[in-house]
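Engineer: Dropping a prediction and its sequence here:
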Amino acid sequence: MLNPEHSACPVHADFDPLSPAFLADPFAVLDSLPRDTPVFYAPAIDYYVVTRYDDIEAVFLDHETYSAAPAQLPLVQLVPEAAQILLAGGHKPQPSMVSLDPPAHTRLRSPTARAFTPRRVAQMEPRIRATVHQLLDAIDPFAPFDLVSTLTFPLPATIIFSFVGIPARDWPQLKEWCGHRASLAWGRPTPGEQVQHAENMAAYRRYLRDLVATKAHARDDDFASALLVIHDEDPEALTHEEIASILYSLTFAGHETTNYLIGNVVRRLLEDPARWDAVVADPALIPGAVDETLRYDPSVPVWRRVTRRPVTLGGVDLPAGAKLFLWLAASGRDASVFPEPEAFDPRRANAAKTLAFGKGIHYCVGAALGRLEAQIALEALTHRFPQLRLVEGQDLSFHPNISFRGPQALWVRAAQDVSLS
Ligand code: HEM
């Protein structure tokens, strides 16, 4: 554990982002913190917590000083058995693009950007619309329903897996593997759970390597095949193993992030029905409502970095090797950038300044796709269910991890006279 004593670093011994109180309401914890400690050390996780917009932005923009290495690092020290299973399964300590620094990062990011063309994203629009309507058609509007299991969870999974080129029969398995991945890297699993998660992740990696090998001989109009075309041009510049690693990035990053984004948008609008009614009356507010949610309650509330050299951040001297917990959700409540940050306002002029997608060389590859899915989902919901309301008295629950946040279930009713039976 790092010893922060040599610096003038404030310490908040009670800060634990996996505590029940934090998981239930991280913004209440934020409000309870002293305003004059924008960077502090949290011994419960051995991280320095960074809360201010300008400091987080500066970290994202300086990849020479701040390495992305811990982005997917398990928060807990893994037991040797779990670590061994991961290594044997080809899962390296920096397992994919988002935790690599240049030049290794560039090797993966450049072909990803080439294959992830605006044309390919635009082509997804009719598929997103069709999938949203198909999922909503299956709902009985005369009974309360859980919006997560009916729409927000299946929609992004369907979109990203079909975009990548995963056969539909394997989608349920992929979804399960993604759950193991979230718990292992961003949660606090017991030793027994770690071994189980590691076995599943080794299987997940194996599956993607096999998929690339199969697709090499049976191309389609999908993202995996587009990467194989780039491989054909120069096999040394992008190997099959690297293609599998890129697919490992996208199959996960395109899924829970967007599930939780849509859940958070609907939750925050319905929390105050006047917000919902305003969007119903004026659908032009939809893009603003999505961006405002990304500022106010982002689905990726935390991202991580580590210092490569001693540096001063937010007035605090940090040693080399200091692990940083970049609290993106706190940056969205920074009044110096977003006036009256506690007010949820779909008309906010600068909501798109949110750091919810990161910034700099790792800026989210799927930001446009994620926004598009959320906007189309909200368009369809407000059009079909203008009187949508939250079912009263429900307690929202959140998956116990630090980086992906949205309701696990969100019970709503489409008409005024239905009740939870
Ligand atoms: C909609 C909600 C989403 C949010 C809030 C989100 C957030 C983020 C964040 C915070 C990062 C790290 C940025 C950094 O380190 O500077 C990131 C990176 C990334 N995201 Fe997203 N993401 C979302 C959706 C998606 C989707 C739909 C995809 C896939 C199509 C995707 C693919 C990626 C990839 C591949 C990276 C790594 C980029 C790199 O390392 O160069 N994300 N995202």
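Structural biologist: Perfect, thanks for sending it. All of these numbers come straight from a predicted model, not from anything done at the bench. Residues are numbered from 1 along each chain as shown.
Engineer: Go through the longest helix seen in the chain and flag the buried ones.
Structural biologist: For the chain, the helix that runs over the most residues, judged by DSSP state H, is helix 191-215. In terms of neighbour count (16 or more other C-beta atoms under 10 Å), helix 191-215 has its buried residues at 194-202, 204-205, 207-209, 211-212, 215. Any C-beta I mention is one placed from the backbone N, CA and C, and that applies to glycine too.
Engineer: Quickly note the distance from residue 385 to residue 293.
Structural biologist: Counting by C-beta to C-beta, to the nearest Å, the gap from residue 385 to residue 293 is 18 Å.
Engineer: same check, this time on residue 264
Structural biologist: 5 Å.
Engineer: Which one of these two is surrounded by more residues?
Structural biologist: Higher neighbour count among residue 264 and residue 293: residue 293, with 28 against 24, using other C-beta atoms under 10 Å.
Engineer: Who are the contact partners of the nearest residue to the more buried one once chain neighbours are set aside?
Structural biologist: In space, not counting the residues next to it along the chain, residue 293 is nearest to residue 265; the distance is 4.4 Å by C-beta to C-beta, 6 or more residues apart in numbering. Taking C-beta atoms under 8 Å, 6 or more residues apart in numbering as the contact definition, residue 265 lies against 289-290, 293, 374, 377-378.
Engineer: change it to 7 Å
Structural biologist: For residue 265, the contacting residues are 289-290, 293, 374, 378, by C-beta atoms under 7 Å, 6 or more residues apart in numbering.
Engineer: go on, residue 50?
Structural biologist: With contact set as C-beta under 7 Å, 6+ apart, residue 50 has these partners: 39, 56, 59, 313-314, 324-327.
Engineer: which residue does the stretch 1-150 of the chain bring closest to the ligand?
Structural biologist: The ligand sits closest to residue 98 of the stretch 1-150 of the chain, with a gap of 3.8 Å, by C-beta to the nearest ligand atom.
Engineer: Could you give the average pLDDT over stretch 411-421?
Structural biologist: The predicted model assigns stretch 411-421 a mean pLDDT of 70.
Engineer: could you measure the residue nearest to residue 293 against residue 89, distance?
Structural biologist: The span separating residue 265 from residue 89 equals 36 Å under the rule C-beta to C-beta.
Engineer: picking up where we left off before, ok, and does the longest helix of the chain reach over to the ligand?
Structural biologist: No. Under the criterion of C-beta under 6 Å from any ligand atom, the ligand is not reached by helix 191-215; the shortest gap measures 13.9 Å.
Engineer: so what does that helix touch, helix or strand wise?
Structural biologist: For helix 191-215, the elements it packs on are helix 80-88, helix 171-186, helix 223-233, helix 240-253, judged by 3 or more C-beta pairs under 7 Å, 6 or more residues apart in numbering; DSSP states H and E.
Engineer: Single out the most deeply packed of the ones you listed.
Structural biologist: When neighbours are counted by mean count of other C-beta atoms under 10 Å, the highest per-stretch mean among these falls to helix 240-253, a mean of 22.
Engineer: Quick check: mean pLDDT of the helix or strand following it?
Structural biologist: On the C-terminal side of helix 240-253, the closest following helix or strand by DSSP states H and E is helix 256-271. Mean pLDDT, taken over the full extent of helix 256-271, equals 97.
Engineer: gap between the nearest residue to residue 114 once chain neighbours are set aside and residue 243?
Structural biologist: Of all residues not flanking residue 114 in the chain, residue 230 sits nearest, at 6.2 Å (C-beta to C-beta, 6+ apart). Residue 230 sits 8 Å away from residue 243, going by C-beta to C-beta.
Engineer: try residue 370
Structural biologist: 22 Å.
Engineer: Perfect, that will be all.
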